[in-house]
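Student: Compute the structure for the input listed below.
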Amino acid sequence: MRLAVLYMGLLAAVAGASVDASAGGLAIGDSLPSFSLVDVRTNRDVASADLKPPVVVIFIATQCPVSNAYNERMAALGREYSKAGVSFVAINANKQESAAEVAEHARTHGFDFPVLKDPGNVEADQFGAQVTPEAFVFDGSRHLVYHGRVDDSRDPGQVHSPDLQRAIDAVIEHQPVPAAVTKAFGCSIKRVG
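Tutor: Alright, predicted model coming up:
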């Protein structure tokens with residue numbers, strides 16, 4: 001086990017990505033987990049089985065300043081890529097953020113894609129999400145091809161590496177994702193228990 005963790009760390013260093021092998025959750029190549037959660041904007045159930053691939057899942061928060069710094073970028077990515085047939089979904093797993101608060105946040109920030117409430121952080125645990133924002137991209141076969149940050153800076157004027165956008169573009173173009181794993185940063189997901 002120790003050798004496997006060391007090997008994963010070496011692979012990450014060579015690839016220029018940051019990997020936390022002890023975090024658990026999904027690994028590159030894993031299938032989109034099965035879930036059904038309520039979209040707080042419409043009060044309708046959204047099931048992962050009904051999402052047309054490719055699929056982007058982003059864990060978000062209403063009270064996290066880092067996640068909120070990305071609201072405009074996430075809304076723009078959702079609008080842009082939904083036109084290309086990409087299913088965008090946001091999930092809020094923070095125990096202290098109510099469904100009503102999450103719905104108002106989604107409306108205020110122009111999230112046109114489903115925004116789901118994850119009571120009990122069941123999906124956050126299944127995905128292995130730790131922070132907000134944290135993104136997962138699944139290809140046309142519903143396999144995980146990207147996990148990590150939206151980009152490399154809270155400040156939109158300082159972005160040098162639009163990692164999520166590059167990953168989605170690669171999936172649409174049926175190309176390998178340039179960096180499959182990047183280090184997501186933000187506020188920790190406030191879990192139940």
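
Student: Does the most centrally placed residue in the chain fall in a helix, a strand, or a coil region?
Tutor: Centroid-nearest residue in the chain, with Cα atoms, centre = their mean: residue 135, separated by 2.1 Å. Counting by DSSP: H, G, I helix; E, B strand; the rest coil, the backbone at residue 135 sits in strand.

Student: so it makes contact with residue 186?
Tutor: No - the pair residue 135 / residue 186 is not scored as a contact, 10.7 Å apart, by Cβ atoms under 8 Å. All C-beta atoms are positioned from the backbone trio N, CA, C, and that covers glycine.

Student: Please name the bridge partners of residue 134.
Tutor: When assigned by DSSP bridges, residue 134 has beta-bridge partners residue 59.

Student: what's the burial count for it?
Tutor: 24 (other Cβ atoms under 10 Å).

Student: And residue 107, by the same measure?
Tutor: For residue 107, using other Cβ under 10 Å, the count is 12.

Student: in what helix or strand does residue 176 lie?
Tutor: With secondary structure defined by DSSP states H and E, residue 176 is part of neither a helix nor a strand.

Student: which residues touch it?
Tutor: residue 170 (Cβ atoms under 8 Å, 6 or more residues apart in numbering).

Student: Retrieve the pLDDT associated with the residue nearest to residue 75 when sequence neighbours are not counted.
Tutor: Nearest residue to residue 75, sequence neighbours excluded (Cβ to Cβ, 6 or more residues apart in numbering): residue 110, at 4.5 Å. We have a pLDDT of 97 for residue 110.

Student: Do I have it right that residue 110 meets residue 74?
Tutor: No - with contact defined as Cβ under 8 Å, residue 110 does not reach residue 74; the gap is 9.5 Å.

Student: Neighbour count for these two, which is higher?
Tutor: Higher neighbour count among residue 110 and residue 74: residue 74, with 23 against 13, using other Cβ under 10 Å.

Student: so the more buried one is in which element?
Tutor: helix 71-82.

Student: Check which helices and strands that helix is in contact with.
Tutor: strand 55-59, strand 87-92, helix 163-172 (3 or more Cβ pairs under 8 Å, 6 or more residues apart in numbering; DSSP states H and E).

Student: where along the protein do the strands fall?
Tutor: 36-39, 44-47, 55-59, 87-92, 115-117, 131-132, 134-138, 144-148, 187-188 (DSSP state E).
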